[in-house]
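Asks: What follows is a predicted protein model with its sequence.
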Amino acid sequence: MLDSKYPAVVAEKGAGTLTVSFGIKAADGQSAQGKPDHKGPAIVAMRGAASANAIPETATARIAGGDAAAVAATLEQARAEFLHRHTPRGKFSIDVKRAGNDVEVKVTGASAHGSRPEEGVNPLPRLALFLQASGVQFAENHYLNAVRYLNDLYGLDYLGTRMEVAYRDPFMGPLTMSPTLVRERGEYVDVVTNVRMPRGRTPDELGGKITKRIFGWAATHGPVEIKYDQGNWMARDPKGAWLSTLLNIFGDTTGLEARPVSTAGSTTAKLMPNAINFGPAMPGKKYTAHNAREYKEVPDLNLDMQMFTEMLVRIGNLDKMQ
C-alpha cells in the first residue's frame, strides 16, 4: 500500500469514532431553537473540525442572551490569564468579538491528522475549558452539557487519562482520544472523538471501558446516547525479499535509516494478508494529510516518484517474495 509513511509500516493502530449525543433542550427562558428570550447568556452553537479524523485549526462558539457587552468583557478579562496558563502545552490564540446581540469566541490552534494529535494543538477542548473557566454563568442547555463532558473526560489530555483507559504499546505507542467535531443532528448535539487504539486491547474491551466511564459520568450530568465504532489494530511480522527490497530502496534513495516502523493511521492494508505500507510521508516531518491545509512538498513528491518506480521494477523482478 502507498497510504502511510516510510520506510515500511508493519503495524497500525485501530481507528475508532466515538460519538456522544446530548438531547437538544431549551435553556431556562430560551426556545428550543436557541433563540434567547431571557436575561442570561447561553451557548447556542459550537463548531470544531469538518471531519472526525482531523484535529481542527479553529473551534468556535456563539453566545446569545444576556448583556452581550458584559459577556464579552468578562471573556476578554479571562483571556490573558488563560493563555498564559495553558500556552506551555502548545501555542494558541483566543478571539472574542461582538456579533450584533451575540458574542462569538474563536480559538485558533494548529491542525493535524486525527491519528497524530501530538503534532497539533487542538482548539476544541481549549474552547470548552475557556468557556467554563471564564466566569460567565451560562444557562443550562445541551451545549453546556457538551462543554462539561469535554472538560471532565478529556481536558487538554489526548491520551485517555481522564477517561481512565490510558495505555501504550512499546512499538505502536499510546492510545489517543481527540475530540474533534461538534455538530447539531436533528434533536441532538454530537461530540465526536477520534480514537486510535494500539495493540494491548480488543475493540470490545476498550469500548466497554469507555462506555462505562461515560455512562457513569452521565449519571450525575444528564442522559446521553453513545455510538462507538472501533476498528482493530494490525501488527505484521513480514519476512522475505520483498520487505528487504523496500527498505533498501528507501535507504539507498534517501540516505536515511531504513527499518520497519508503526503508524497511528489506519489503512486498507489491514484487509489484506501480510500487507504493509510503503510511503508516501517522509519520516521526521509533520504528517500533512487531513490537516486544515493539505499539502506535499515538491522535493518529497519527486522522491516518491523515484522510489515508487524503482519499487515496481524491483518487486516485479523478484524470483520469490519470501
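Replies: Right, received. Where do you want to start?

Asks: Restricting to C-alpha, output stretch 205-220 in PDB.
Replies: Provided in PDB are the C-alpha atoms of stretch 205-220 (Å, rounded to 0.1, in the frame of the first residue of the first chain):
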ATOM      1  CA  GLU A 205     -12.700  -4.400  25.800                       C
ATOM      2  CA  LEU A 206     -11.800  -0.800  25.100                       C
ATOM      3  CA  GLY A 207     -15.400   0.100  24.000                       C
ATOM      4  CA  GLY A 208     -16.800  -1.400  27.200                       C
ATOM      5  CA  LYS A 209     -14.400   0.600  29.400                       C
ATOM      6  CA  ILE A 210     -15.200   3.900  27.600                       C
ATOM      7  CA  THR A 211     -18.900   3.500  27.500                       C
ATOM      8  CA  LYS A 212     -19.000   2.500  31.200                       C
ATOM      9  CA  ARG A 213     -17.000   5.600  32.100                       C
ATOM     10  CA  ILE A 214     -19.200   7.900  30.000                       C
ATOM     11  CA  PHE A 215     -22.500   6.500  31.400                       C
ATOM     12  CA  GLY A 216     -21.000   6.800  34.900                       C
ATOM     13  CA  TRP A 217     -20.400  10.500  34.200                       C
ATOM     14  CA  ALA A 218     -23.800  10.900  32.700                       C
ATOM     15  CA  ALA A 219     -25.500   9.500  35.900                       C
ATOM     16  CA  THR A 220     -24.800  12.900  37.600                       C
END
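
Asks: can you list contacts of that stretch?
Replies: 16, 18, 20, 149, 152-153, 163-165, 175, 195, 197, 224, 226, 228, 230 (Cβ atoms under 8 Å, 6 or more residues apart in numbering). Just so you know, the C-beta spots here come from the backbone N, C-alpha and C atoms, and that holds for glycine as well.

Asks: same deal with stretch 47-58?
Replies: Contacts of stretch 47-58 (Cβ under 8 Å, 6+ apart): 15, 17, 59-61, 106-115, 117, 119-124, 178-183, 192-194, 290-292.

Asks: in that stretch, what counts as buried?
Replies: 47, 48, 49, 52, 53, 54, 55, 56, 57, 58 (16 or more other Cβ atoms under 10 Å).

Asks: Now render those residues as JSON lines, adding secondary structure and distance to residue 1.
Replies: Below are the buried residues of stretch 47-58 laid out as JSON lines (DSSP: H, G, I helix; E, B strand; the rest coil; distance: Cβ to Cβ, whole Å):
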{"residue": "47", "secondary structure": "strand", "distance to residue 1": "33"}
{"residue": "48", "secondary structure": "coil", "distance to residue 1": "29"}
{"residue": "49", "secondary structure": "coil", "distance to residue 1": "25"}
{"residue": "52", "secondary structure": "coil", "distance to residue 1": "22"}
{"residue": "53", "secondary structure": "coil", "distance to residue 1": "17"}
{"residue": "54", "secondary structure": "strand", "distance to residue 1": "21"}
{"residue": "55", "secondary structure": "strand", "distance to residue 1": "23"}
{"residue": "56", "secondary structure": "coil", "distance to residue 1": "27"}
{"residue": "57", "secondary structure": "coil", "distance to residue 1": "28"}
{"residue": "58", "secondary structure": "strand", "distance to residue 1": "32"}
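
Asks: Tell me the one of the residues you listed nearest residue 66?
Replies: residue 47 (21.1 Å; Cβ to Cβ).

Asks: Which ones among the contacts of stretch 205-220 map onto strands?
Replies: 16, 18, 20, 195, 197, 226, 228, 230 (DSSP state E).

Asks: so how many other residues sit close to the last one?
Replies: Just to be clear, that refers to residue 230. 21 (other Cβ atoms under 10 Å).

Asks: before we move on, what about residue 281?
Replies: A count of nearby residues for residue 281, using other Cβ under 10 Å, gives 22.

Asks: which residues of the protein fall in helices?
Replies: Assigned by DSSP state H, the chain shows helices spanning 68-86, 123-133, 142-153, 203-218, 241-254, 298-316.

Asks: Could you say which of those helices is packed most deeply?
Replies: Each of the helices of the chain was scored by mean neighbour count; the highest is helix 123-133, a mean of 24, by mean count of other Cβ atoms under 10 Å.

Asks: In contact with the nearest residue in space to residue 130 that is not next to it in sequence, which residues are there?
Replies: Spatially, and ignoring its direct neighbours in sequence, residue 130 is nearest to residue 82 (5.4 Å; Cβ to Cβ, 6 or more residues apart in numbering). Residue 82 sits next to 94, 129, 130, 133, 134 when contact means Cβ under 8 Å, 6+ apart.
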